[in-house]
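> Need coordinates for the below:
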Amino acid sequence: MDVLKIFVSSILAGVMIGIGGSVFLQSDYKFVGAILFAVGLFGIMSFKLHLYTGKAGYILENKPIFLAEILIIIVGNFIGCLAMGLAFPLDQAVVLVDKKLSADLLIVFFKAICCGILMFIAVDVYKTKKSFLGVFVCVPAFILAGFEHSIANMFFLSSAGAFTMDAFIFTLVVLLGNAVGCLAIPAYKKYLDKEDPAPSA
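All right, here's what the predicted structure looks like:
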């Protein structure tokens, strides 16, 4: 494991998410902003950068040491998002963060699971099909649905200057929910999918 390479790559991935988040927040049209937010994941996938929600879905197929890599990625992603957030303090982020932090944490957790599922689909479609279609379908979908993406939230919180214990707890809940969502399909395929020849419903 090349720790320095992973760490720097993770910081750059955080910057890319910050770029996407900045475009989204400043867009006059939510639908357009949601589509353009995907530029972050597009850049990450194009240059094989390390994003937490892009890697969490592959925990089950890797050795335990992969968890250490995941932790490095989270820290790097945060640093990239923090830098972008401090560079671009946006009033729109304050409004969005106030709404997020006032939400029930159980609902936040389930929204994070849903986001994780969509993120895994986006990443795995690219990984297996070499297609960006999943990126430009799944990313706008989770944005418009109001699902919670842990790394995007790191940028929003940093841009809003929300460095509180509530923000920290919120981030942990979303990180956990994203991991559960990212692992939902891989876990199903690994432990439950017996490749039944019968057609699915």
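> Not counting sequence-adjacent ones, nearest residue to I35?
Once flanking residues are discounted, I35 sits nearest to P140: 4.9 Å by C-beta to C-beta, 6 or more residues apart in numbering. Every residue, glycine included, has its C-beta placed from N, CA and C.
> which parts of the helix or strand hosting the one you found are buried?
If you go by DSSP states H and E, P140 is part of helix 133-145. By neighbour count on 16 or more other C-beta atoms under 10 Å, the buried set for helix 133-145 is 134-136, 138-143.
> Which other helices and strands does it contact?
helix 30-37, helix 39-46, helix 105-129 (3 or more C-beta pairs under 8 Å, 6 or more residues apart in numbering; DSSP states H and E).
> Counting neighbours, what do you get for D28?
6 (other C-beta atoms under 10 Å).
> And it, its phi and psi?
The phi and psi values for D28, taken as degrees, to the nearest 10, are phi -70, psi -20.
> where's it relative to Q92, distance?
11 Å (C-beta to C-beta, to the nearest Å).
> quick check: mean pLDDT across the longest helix seen in the chain?
Across the chain, the longest stretch assigned as helix under DSSP state H is helix 165-191. Throughout helix 165-191, pLDDT has a mean value of 97.
> before we move on, what about stretch 76-89?
Stretch 76-89 carries an average pLDDT of 98.
> That one: which residues count as buried?
For stretch 76-89, the neighbour count (16+ other C-beta under 10 Å) marks 76-85, 88 as buried.
> Nearest to V180 among those residues?
For the buried residues of stretch 76-89, the closest approach to V180 (C-beta to C-beta) belongs to N77, at 18.0 Å.
> Tell me who's in contact with that closest one.
N77 sits next to 10-11, 13-14, 17, 50-52, 151, 154 when contact means C-beta atoms under 8 Å, 6 or more residues apart in numbering.
> ok, now how distant is it from L67?
Distance from N77 to L67, by C-beta to C-beta: 15 Å.
> related to what we said a few turns ago, how far does the helix holding P140 sit from its chain's centre?
Averaged C-alpha coordinates place helix 133-145 at 11 Å from its chain's average position (C-alpha atoms, centre = their mean, to the nearest Å).
> ok, now stretch 47-59?
The answer for stretch 47-59 is 9 Å, by C-alpha atoms, centre = their mean.
> where in this structure is pLDDT low?
Applying pLDDT under 70 to the chain flags the ranges 194-201.
> This completes my enquiry, with thanks.
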